[in-house]
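Student: model this:
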Amino acid sequence: MTFEEILTAANAGGARNPGQWTPQACKTWREADPEDARLLEAACAWELANDRRAQVKDEPVVRERRRQMDEATAAAGKMGGTSDVS
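Tutor: From the prediction side, this is the model:
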């Protein structure tokens, strides 16, 4: 899927607030291939930080957000990935 197709699918079926996981957004995430699903996650994270829904023109900054998310996950893994949650 292209970034535009991901956004169109996630936004289908009605209004979606920035960062909101509507039933349609969840369906899009579940049915997408892993890389597209990760891009949708990054789009939602970016939306929350910017208080507006992502648009096609935002693809470069959303991809940068995904890179930052991956970097943070890798760093946490190197720290042993421990958690206080049992």
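
Student: count of neighbours near the residue lying closest to Thr22 once chain neighbours are set aside?
Tutor: Distance criterion CB to CB, 6 or more residues apart in numbering; nearest residue to Thr22, sequence neighbours excluded, is Arg16 at 4.9 Å. In short, each C-beta sits where N, CA and C put it, glycine included. Arg16 has 19 neighbours, counted by other CB atoms under 10 Å.

Student: how about the helices of the chain, start to end?
Tutor: Along the chain, the segments classed as helices by DSSP state H run 3-11, 23-31, 34-50, 59-78.

Student: so can I have a markdown table of these showing mean pLDDT and mean neighbour count?
Tutor: A markdown table is the format used below for the helices of the chain (pLDDT from 0 to 100; neighbours: other CB atoms under 10 Å):
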| stretch | mean pLDDT | mean neighbour count |
| --- | --- | --- |
| helix 3-11 | 96 | 18 |
| helix 23-31 | 96 | 15 |
| helix 34-50 | 97 | 18 |
| helix 59-78 | 94 | 13 |
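
Student: Show residues contacting stretch 64-84.
Tutor: 38-39, 41-43, 45-46, 49 (CB atoms under 8 Å, 6 or more residues apart in numbering).

Student: Extract the CA atoms of that stretch and return them as CSV.
Tutor: The C-alpha coordinates for stretch 64-84 follow below in CSV (Å, rounded to 0.1, in the frame of the first residue of the first chain):
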residue,chain,number,x,y,z
GLU,A,64,11.0,9.9,10.5
ARG,A,65,8.7,9.3,13.4
ARG,A,66,8.8,5.5,12.6
ARG,A,67,12.6,5.6,12.5
GLN,A,68,12.6,7.2,15.9
MET,A,69,10.2,4.6,17.3
ASP,A,70,12.4,1.8,15.9
GLU,A,71,15.5,3.4,17.4
ALA,A,72,13.8,3.8,20.8
THR,A,73,12.7,0.1,20.7
ALA,A,74,16.2,-1.1,19.8
ALA,A,75,17.7,1.0,22.6
ALA,A,76,15.2,-0.5,25.1
GLY,A,77,16.1,-4.0,23.9
LYS,A,78,19.8,-3.3,24.5
MET,A,79,19.0,-2.3,28.0
GLY,A,80,17.5,-5.8,28.6
GLY,A,81,13.9,-4.8,28.0
THR,A,82,13.0,-5.2,31.7
SER,A,83,9.7,-3.9,33.0
ASP,A,84,8.1,-3.4,36.4
